[in-house]
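Peer 1: sequence-free structure coming up:
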């Protein structure tokens, strides 16, 4: 699984937990709809730290809270070098 896949899964999970729509997250985070679609549909190969920070802010949580999920601890997470 790529980092982008993990971020997309985390976003989907948080949207359900918080009862938010993707549109609301886009508004809260300031991420453009097209960029969000690329992340969520797997068309984005590398999500930046800046984008992850914006996503965390959109959910009104810290970066640490956003990343505090077992999906980011997986040994199967593919990291680019």
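Peer 2: Sure, I can see it. Since this is a predicted model, take the numbers as computed values, not measurements.

Peer 1: Which single helix of this protein contains the most residues?
Peer 2: helix 3-18 (DSSP state H).

Peer 1: How far off centre is it?
Peer 2: 5 Å (C-alpha atoms, centre = their mean, to the nearest Å).

Peer 1: Give me the residues contacting it.
Peer 2: For helix 3-18, contacts defined as C-beta atoms under 8 Å, 6 or more residues apart in numbering pick out 20-22, 25, 39-40, 42, 44-47, 51-52, 55, 59, 66, 69, 71-72, 74, 77-79. Every C-beta, even on glycine, is put in place using the N, C-alpha and C of the backbone.

Peer 1: Counting neighbours, which of the residues you listed end up buried?
Peer 2: Neighbour counting by 16 or more other C-beta atoms under 10 Å classes 20, 25, 39, 40, 44, 47, 51, 52, 55, 59, 66, 71 among the contacts of helix 3-18 as buried.

Peer 1: in what helix or strand does residue 54 lie?
Peer 2: helix 49-58 (DSSP states H and E).

Peer 1: quick revisit: keep only those of the contacts of helix 3-18 that are in helices.
Peer 2: Residues of the contacts of helix 3-18 located in helices (DSSP H): 22, 25, 39, 40, 51, 52, 55, 66.

Peer 1: Skipping adjacent residues, who's closest to the fifth one in space?
Peer 2: What sits nearest to residue 51 in space, not counting adjacent residues and going by C-beta to C-beta, 6 or more residues apart in numbering, is residue 31, at 6.8 Å.

Peer 1: which ones are touching that neighbour?
Peer 2: With contact taken as C-beta under 8 Å, 6+ apart, residue 31 is in contact with 25, 51, 54, 55, 58.

Peer 1: ok, and the closest non-adjacent residue to the last one?
Peer 2: With C-beta to C-beta, 6+ apart as the measure, residue 29 is the residue that lies nearest to residue 58, at 2.8 Å, once sequence neighbours are left out.

Peer 1: Give me the distance between the one you found and residue 79.
Peer 2: 24 Å (C-beta to C-beta, to the nearest Å).
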